[in-house]
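J.: Structure, please.
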Amino acid sequence: MLARLESIIVFRTFLFLTSIVALCFLISGLDDLFIDLYYWCRELYRGFFKRNKIRSITKQELDAIPEKWAAVFIPAWQEQAVIQKMLLNSLQSFDYENFDIFLGTYPNDEPTRLKAAQVRERDRRVQIVVCPHPGPTNKADCLNWVYQGMLLAEREKGIRYEIIVLHDSEDVVHPLELKLYNCLIPRKDMVQVPVVPLEMPAQYLTAGTYLDEFAENHSKDLLVRERVSHMIPSAGVGTGVSRRALEELAARHTNEPFSTKSVTEDYEFGIRVAQLQLEGIFAKFRVVRTQSVKRGIWRKREELREVRELVATREFFPDRMALAVRQKSRWILGIALQGWKNIGWPKGFWRKYMLFRDRKSLGTNLINMLGYATLVYWFIVSLAGPGLPSSLLNHYHWVAYVIVADTILMFHRWLQRFVAVKSIADTKQAFLSIPRSVLLNFINFAATMVAIKQFLSSELTGKRVVWAKTSHAYPDAEQLREYRRKLGDLLLENRLITVAQLRHALEDQRAGGGKLGSLLVQRGYLAEEDLVSALGRQLRVPSCEIDLRAIDTSVLEKLPQADAEALQVLPLRSLGGYLEVATTTPSDENLKRRLEGLFESPVKFILAGEKDLQFMIPRAYLRRASPKQPLLGETLLAAGLITDEDLRKALKAQKAAGRKLGEVLQDMNLVTPEAIQECLSASCVLCAQNGGF
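T.: As a prediction, the model looks like this:
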């Protein structure tokens, strides 16, 4: 009798818990359903009624907007493993000229500072800001000192940074990111671009859970937030802020624009911007690029197609459960607990509603585990048979209808997750998002328990939660290649070649190897000067056509002509404390170190064409041997027989043909043989006999 009574009590308890779980699932599911309906109704409305009125800005329009100065803030603590790769990739990737990177470090983190200092030696756009006290503190404190470092740099350089960009030390930036901020700021005071986790192999289930969450949050949720509440929380990466917003926040918060009371200062930063009645936007901007894809049953046939690539920040996320729990516990602590304490519930229904969505995770992450417990119990009961009175179920008959509704909402959620993941990854990852949801629930439960413990400990002891270090990884060179602007894309984008011409050159490359640019030039599809200009934009280095008249021949003294021809380099001039050197390989660090040791001076590479260098090296050394002999072109120019534009065209034709300048000028009907002979007789007979300058 006693055992039966105990069974009934347990049964009733689980019936009650099941009803609580079912109701919580229903409320949370309806909440998510509203976001889905709003998003898809908006998409349908735009597709049917606004299709002809909506026009995305093009890359050419972004290029036409004058560049404002941008400051990229990167807080770092013990990031020596990734910071050098991140800085170098960002410097090479950004399709932008007027920017500096401000890296926040600590006096007791020498490995990170040394890695950053090595990059600064090569590129002065990297500014290292050292916080005045040992770390770790928190990211907000580090960012506040970076802000002070930016103000100091402004006074030293005499400029003003109008755009402030937030990034982390593991981010893979998009080349057009700064141009997009430059377009939208200051019309918008905060711009958030999507964050997309770098795709990992299918076996990395933990990393895949980040792909699942960000796929929905940064393709749908943030967009709905912006529309209904006009309040966008910053993701802390891929965030552009106007100078006005940063200064107003600093003025209101004792010169600390980032809140040191939260471990998710980025989240609160976006809320603060909205509270100042400043406007933010979630920017889903896509740029058209040409991509090589594999077709056929065996995936061996390669084809070119145009794709609309999302301008987004990409990064690797933890692939181990313990690391994921650590990172997500910080997010839950800062967003749900510290955010509730620091921000409260601001005015406005929609803002309260969006904050409720952020904070409901405290309950849903725990309820999910309770749901699994009740599921296991009912499974065991069903195996044991109908040993308990079925009449007890009559008291909770409505629960069955709620469970049916929950099941429908669960399948709907899986479908939405599948569609979101498929939009940024492959079909395999989209299918895996369904079983990964179980793992995600366990990670979020563990992270919630850790966050609650940290919050209570901080409240009871009065100690601030410090920076919880998460180990980061950075993509290798092959992976980064996929997210940099490819040469073929740049050439197609600027209408310098056609898709058919690019396809032919790629076929030549697969058949016999070689550089794509050289193959395009060899086929006659592309002029070398256009190739050099495009390569300069791709590699983020200055490019030039070598002008013999502008070379300071005194700098050739330490480099023999034979070495210059073997290395394919030509020293041009000393300028701004650097020796400018023309080369076809501006990324060759070994060559750079060798030349710096030879000339005992910092070297700055200028990209030049291969034919241009081959043509100019012997002529530069010949001019050094006879410095007093004027060039034929200069003589004709001084005599008024040709214009500067005539000389430029003739020199270009001379490089292409490899002929004497005098012959080229005659073929172009710019001068007569008698005029050339008269000039040569008066000044430059030797030059005409040795190559015809």
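
J.: for the host helix or strand of residue 618, what is the average pLDDT?
T.: Using DSSP states H and E, residue 618 falls within helix 610-625. Averaging pLDDT along helix 610-625 gives 80.

J.: Kindly report the same for stretch 127-139.
T.: Mean predicted lDDT for stretch 127-139 stands at 88.

J.: Also stretch 513-520?
T.: Stretch 513-520 comes out at a mean pLDDT of 78.

J.: Touching it from outside, list them.
T.: 487-488, 491, 497, 501-502, 505-506, 508-509, 526, 531, 534-535, 610 (CB atoms under 8 Å, 6 or more residues apart in numbering). C-beta: built from backbone N, CA, C; applies to glycine.

J.: Just the buried positions in the helix holding residue 618, please.
T.: Buried residues in helix 610-625, defined by neighbour count with 16 or more other CB atoms under 10 Å: 610-613, 615-617, 619-624.

J.: so what secondary structure elements neighbour it?
T.: helix 528-539, helix 561-567, strand 569-575, strand 578-583, helix 644-657 (3 or more CB pairs under 8 Å, 6 or more residues apart in numbering; DSSP states H and E).

J.: Just the CA atoms of stretch 63-75, as PDB, please.
T.: Coordinates of each C-alpha in stretch 63-75 appear next as PDB, following Å, rounded to 0.1, in the frame of the first residue of the first chain:
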ATOM      1  CA  ASP A  63      34.400  53.300 -53.800                       C
ATOM      2  CA  ALA A  64      33.000  56.700 -54.900                       C
ATOM      3  CA  ILE A  65      32.400  57.800 -51.300                       C
ATOM      4  CA  PRO A  66      35.300  59.900 -49.800                       C
ATOM      5  CA  GLU A  67      37.000  57.900 -47.000                       C
ATOM      6  CA  LYS A  68      36.700  59.100 -43.500                       C
ATOM      7  CA  TRP A  69      39.400  58.100 -41.000                       C
ATOM      8  CA  ALA A  70      38.500  54.800 -39.100                       C
ATOM      9  CA  ALA A  71      40.000  53.400 -35.900                       C
ATOM     10  CA  VAL A  72      39.800  49.700 -35.300                       C
ATOM     11  CA  PHE A  73      39.700  48.700 -31.600                       C
ATOM     12  CA  ILE A  74      41.000  45.300 -30.600                       C
ATOM     13  CA  PRO A  75      41.300  44.400 -26.900                       C
END
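
J.: what does stretch 397-412 rub up against?
T.: Against stretch 397-412 from outside (CB under 8 Å, 6+ apart): 15, 18, 19, 22, 23, 25, 26, 29, 30, 32, 33, 36.

J.: picking that back up, looking at the contacts of stretch 513-520, which one is closest to residue 208?
T.: Ranked by distance to residue 208 (CB to CB), these are led by residue 488 at 30.8 Å.

J.: ok so, going back, show me just the buried residues among the contacts of stretch 397-412.
T.: For the contacts of stretch 397-412, buried by 16+ other CB under 10 Å: 15, 18, 19, 22, 25, 26, 29, 32, 36.

J.: The third one sits in which helix or strand?
T.: Secondary structure assignment for residue 19, by DSSP H and E: helix 2-49.

J.: Tell me the helices and strands packed up against that helix.
T.: helix 222-229, helix 361-384, helix 397-422.

J.: Now the element after the last one, going C-ward?
T.: Past helix 397-422, heading to the C-terminal end, the next element that is a helix or strand (DSSP H and E) is helix 427-461.

J.: Please report how far the residue sitting nearest the centre point of the chain lies from residue 225.
T.: Nearest to the geometric centre of the chain sits residue 173, at 1.5 Å (CA atoms, centre = their mean). The gap separating residue 173 from residue 225 is 24 Å, by CB to CB, to the nearest Å.

J.: With residue 434 instead?
T.: 25 Å.

J.: Residue 38 touches residue 224, doesn't it?
T.: Yes - between residue 38 and residue 224 there is a contact at 5.2 Å, judged by CB atoms under 8 Å.

J.: hang on, the earlier thing: neighbour-wise, which of residue 434 and residue 225 wins?
T.: More neighbours surround residue 225 than the other of residue 434 and residue 225, with 24 against 16 (other CB atoms under 10 Å).

J.: Name the helix or strand for residue 606, please.
T.: Counting by DSSP H and E, residue 606 is part of strand 603-607.

J.: Average pLDDT for that strand, rounded please.
T.: Here the average pLDDT along strand 603-607 is 86.

J.: Show me which positions of that strand end up buried.
T.: 603, 604, 605, 606, 607.

J.: With stretch 317-332 instead?
T.: So, applying 16+ other CB under 10 Å, buried residues of stretch 317-332: 317-319, 323-332.

J.: same thing with stretch 74-88?
T.: Buried-residue list, stretch 74-88, by 16+ other CB under 10 Å: 74-88.

J.: and which of these is nearest to residue 424?
T.: residue 86 (21.6 Å).

J.: Report the secondary structure state of the residue nearest to that closest one when sequence neighbours are not counted.
T.: Of all residues not flanking residue 86 in the chain, residue 169 sits nearest, at 5.3 Å (CB to CB, 6 or more residues apart in numbering). Following DSSP: H, G, I helix; E, B strand; the rest coil, the label given to residue 169 is coil.

J.: doesn't residue 81 make contact with residue 169?
T.: No - counting by CB under 8 Å, residue 169 sits too far from residue 81 to count as a contact (9.2 Å).

J.: how distant is stretch 525-535 from the center of its chain?
T.: Offset of stretch 525-535 from its chain centre (CA atoms, centre = their mean, to the nearest Å): 26 Å.

J.: for stretch 233-242, same thing?
T.: Taking CA atoms, centre = their mean, the mean C-alpha location of stretch 233-242 is offset from the chain mean by 12 Å.

J.: what pLDDT does residue 357 get?
T.: 91.

J.: now do the one 5 residues further on
T.: According to the model's per-residue confidence, residue 362 sits at a pLDDT of 89.

J.: One more: residue 142?
T.: 91.

J.: which secondary structure element contains it?
T.: Going by DSSP H and E, residue 142 is in helix 139-157.

J.: What is the helix or strand that that helix is followed by packed up against?
T.: Following helix 139-157 in sequence order, the next helix or strand is strand 163-166 (DSSP H and E). Under the contact definition 3+ CB pairs under 8 Å, 6+ apart, strand 163-166 sits against strand 70-75, helix 177-184, strand 239-242, helix 243-252.

J.: go again using 10 Å as the cut-off
T.: strand 70-75, strand 99-105, helix 139-157, helix 177-184, strand 190-192, strand 239-242, helix 243-252, helix 265-275 (3 or more CB pairs under 10 Å, 6 or more residues apart in numbering; DSSP states H and E).

J.: by contact count, what packs against the helix or strand just after the helix holding residue 19?
T.: With elements assigned by DSSP H and E, the helix or strand that comes after helix 2-49 is helix 59-64. Contacts defined by 3+ CB pairs under 10 Å, 6+ apart place helix 59-64 against helix 177-184, strand 286-295, helix 487-493.

J.: Perfect, that will be all.
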